[in-house]
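Colleague: Predicted coordinates and the sequence they were generated for:
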Amino acid sequence: MLWIGIILLVAAGGCLWAASRSMTRTHAMMAAETLSVPELLELQRISTELVGPGRFRKVCEVVGETAPAPVGMLRSELAGVDCVWHSYRVQRRYKHYDRDNDGDTRVTTRTETVSEQTSPHGWALLRDGHTIGVDHGGRRPDGAEQVVDRFEQAHAPQMAGVAGVLGALMGGDRDETIGFQHTESVLRPGTRMYVLGEVDDRDGPLVIRPPRDSSTPFVLSTRTEEELTDSSRKGQRIWAFVGAGVAAVGIALIVLAVLL
């Protein structure tokens, strides 16, 4: 009972940390300025006059429509969709057979990723005829459109390599492929997007990217700021409520364990 109470207190701490993270995200979005590209260009000009080129940095929000980067329009790997960003994943679903110490065979269904790729290039945000680059920093945009979600059944049971064959012959561990899950998501050109990040000119043109200060959240979303803040507030309340409840149960169990 004592250990269960301690585990529940640790879980409560995780819930309260998640609530704090949601609160930080909400406050960051509320505090950040929403700036247009012309406003950012003017701030960059002033910065260049004062401290020289390549030194401009500004944490802010930028809203616009997605447009291709200078490398041009991309095509997604699986669906062949015209886009400015894409990401796909192929996962193998398989049955794993193994014997326990009593000689009984146990069967579990498992999943492993066999292939995964995200387009390395960023994209641009277009607003009123002006553009700013977006460096996603390897992050997945919130609200990206899923264009592929299919499962392909294996035509016949497939054992994983030599180890699987030997395992089957000896009655030991072996894997049997069930099939493959394919998923792909894209950002099409013209998608409205909200970005909270840090704008700089270290590469020349203005680009918004993950803030250098890791305590500042980086947000890439097709949702509006209002939708995002509402979602963060709701998440904060849920995590705080769950955390408080779990903590109360954990403390009660610890007290009972000590008294008994």
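Modeller: Happy to help now that I have it. Remember, predicted model here, so these are calculated numbers, not experimental data.

Colleague: And the strands in the stretch 101-250 of the chain?
Modeller: Remark: strands assigned in the stretch 101-250 of the chain by DSSP state E, counting those that start in this stretch are 105-118, 123-127, 130-134, 145-159, 174-187, 192-200, 207-209, 219-221.

Colleague: can I get those strands in TSV with mean neighbour count?
Modeller: No exception for glycine: its C-beta is placed from N, CA and C like everyone else's. What follows is the strands of the stretch 101-250 of the chain, written out as TSV (neighbours: other C-beta atoms under 10 Å):
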stretch	mean neighbour count
strand 105-118	11
strand 123-127	20
strand 130-134	21
strand 145-159	12
strand 174-187	20
strand 192-200	22
strand 207-209	21
strand 219-221	20
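
Colleague: Just tell me which of the ones you listed ends up closest to Leu253.
Modeller: In terms of C-beta to C-beta, the element of the strands of the stretch 101-250 of the chain nearest to Leu253 is strand 105-118, at 31.0 Å.

Colleague: returning to that earlier point: and the strands of the stretch 101-250 of the chain, which one's lowest on average pLDDT?
Modeller: For the strands of the stretch 101-250 of the chain, mean pLDDT drops lowest on strand 145-159, to a mean of 83.

Colleague: quick one: the biggest helix by length in the chain to strand 192-200, angle?
Modeller: As assigned by DSSP state H, the longest helix anywhere in the chain is helix 225-259. Here helix 225-259 points in a direction 80 degrees away from that of strand 192-200 (axes from the mean of the first three to the mean of the last three C-alpha atoms, to 10 degrees).

Colleague: elements contacting helix 225-259?
Modeller: Helices and strands touching helix 225-259, by 3 or more C-beta pairs under 8 Å, 6 or more residues apart in numbering; DSSP states H and E, are helix 2-31.

Colleague: average pLDDT for the helix it packs on?
Modeller: So the average pLDDT for helix 2-31 ends up being 81.

Colleague: sorry, back to before: the longest helix of the chain versus helix 2-31: what angle between them?
Modeller: With the same axes, to 10 degrees applied, the angle from helix 225-259 to helix 2-31 works out at 160 degrees.

Colleague: okay, how far is it across stretch 140-151, tip to tip?
Modeller: The first and final residues of stretch 140-151 sit 22 Å from each other (C-alpha to C-alpha, to the nearest Å).

Colleague: Please disregard the earlier target; I meant stretch 29-38.
Modeller: Counting by C-alpha to C-alpha, you get 21 Å between the two ends of stretch 29-38.

Colleague: picking that back up, identify each buried residue in the longest helix of the chain, please.
Modeller: Neighbour-count burial for helix 225-259 flags 225, 228-229, 231-232, 235-236, 239-240, 242-243, 246-247, 250, 253-254 (criterion: 16 or more other C-beta atoms under 10 Å).
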